[in-house]
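Fold the following, please.
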Amino acid sequence: MSFTRTFTATPDDIDELGHVNNAVWVRWIQDLAVAHWEAVAPSEHRDAFVWVVTRHEIDYRGNLAEGGSTTGETWVPEPPRGARFDRHFRFTGADGRVLVEGITTWALLDRASGRLLRVRPEIAAPFLTH
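Purely as a prediction, here's the structure:
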């Protein structure tokens, strides 16, 4: 199951080269993933668990100027491995061209204790593409 969200570049997102700064893309990657979690995870899961990033792999393929919009799409193609899973993402411009894409590895923590947890099938199920 994929999830999409639109992002529009504001003046604060723009770097000295006149396009969205790489750090902003990383923030959008996180915002997209969190919005997906909030949209499909049951409330008891959102209350009990929190995700943390353990790794980013990002390919920057294009630029976005101030006022430009991009559609972010994210999906989880494979079941988790223990406490971690890979979330894929892609940001496309209005012309359909890929601007940024990659994979982020996330780990599941118990919200109360901060301890790493194995991702059980019922936690992963709403996110898997098959």
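
and Gly62, what pLDDT?
Among the per-residue scores, Gly62 holds a pLDDT of 95.

ok, it touching Asp95?
No - judged on C-beta atoms under 8 Å, Gly62 makes no contact with Asp95 at a distance of 9.5 Å. No exception for glycine: its C-beta is placed from N, CA and C like everyone else's.

out of those two, which sits in the busier spot?
Gly62 (15 against 7; other C-beta atoms under 10 Å).

Give me the residue ranges of this structure where confidence is low.
Under the criterion pLDDT under 70, the flagged ranges of the chain are 129-130.

Just want the most central residue of it.
The centroid of the chain falls nearest to Ala33 when counting by C-alpha atoms, centre = their mean (3.1 Å).

Can you spell out which helices and strands pack onto the lengthiest helix in the chain?
Ranked by residue count under DSSP state H, the longest helix found in the chain is helix 22-40. Using 3 or more C-beta pairs under 8 Å, 6 or more residues apart in numbering; DSSP states H and E as the contact definition, the elements that helix 22-40 packs against are strand 3-8, strand 49-60, strand 69-75, strand 84-92, strand 98-110.

Just the C-alphas of it, formatted as PDB.
Coordinates of each C-alpha in helix 22-40 appear next as PDB, following Å, rounded to 0.1, in the frame of the first residue of the first chain:
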ATOM      1  CA  ASN A  22      19.000  18.600   0.900                       C
ATOM      2  CA  ALA A  23      18.200  18.900   4.700                       C
ATOM      3  CA  VAL A  24      14.700  19.900   3.700                       C
ATOM      4  CA  TRP A  25      14.300  16.800   1.600                       C
ATOM      5  CA  VAL A  26      15.300  14.700   4.600                       C
ATOM      6  CA  ARG A  27      12.700  16.500   6.700                       C
ATOM      7  CA  TRP A  28      10.100  15.800   4.000                       C
ATOM      8  CA  ILE A  29      11.100  12.200   3.900                       C
ATOM      9  CA  GLN A  30      10.400  12.000   7.600                       C
ATOM     10  CA  ASP A  31       7.200  14.000   7.400                       C
ATOM     11  CA  LEU A  32       5.900  11.700   4.700                       C
ATOM     12  CA  ALA A  33       6.700   8.500   6.700                       C
ATOM     13  CA  VAL A  34       5.100   9.900   9.900                       C
ATOM     14  CA  ALA A  35       2.000  11.000   8.000                       C
ATOM     15  CA  HIS A  36       1.700   7.500   6.500                       C
ATOM     16  CA  TRP A  37       2.000   6.000  10.100                       C
ATOM     17  CA  GLU A  38      -0.600   8.400  11.400                       C
ATOM     18  CA  ALA A  39      -3.000   7.700   8.500                       C
ATOM     19  CA  VAL A  40      -3.100   3.900   8.700                       C
END
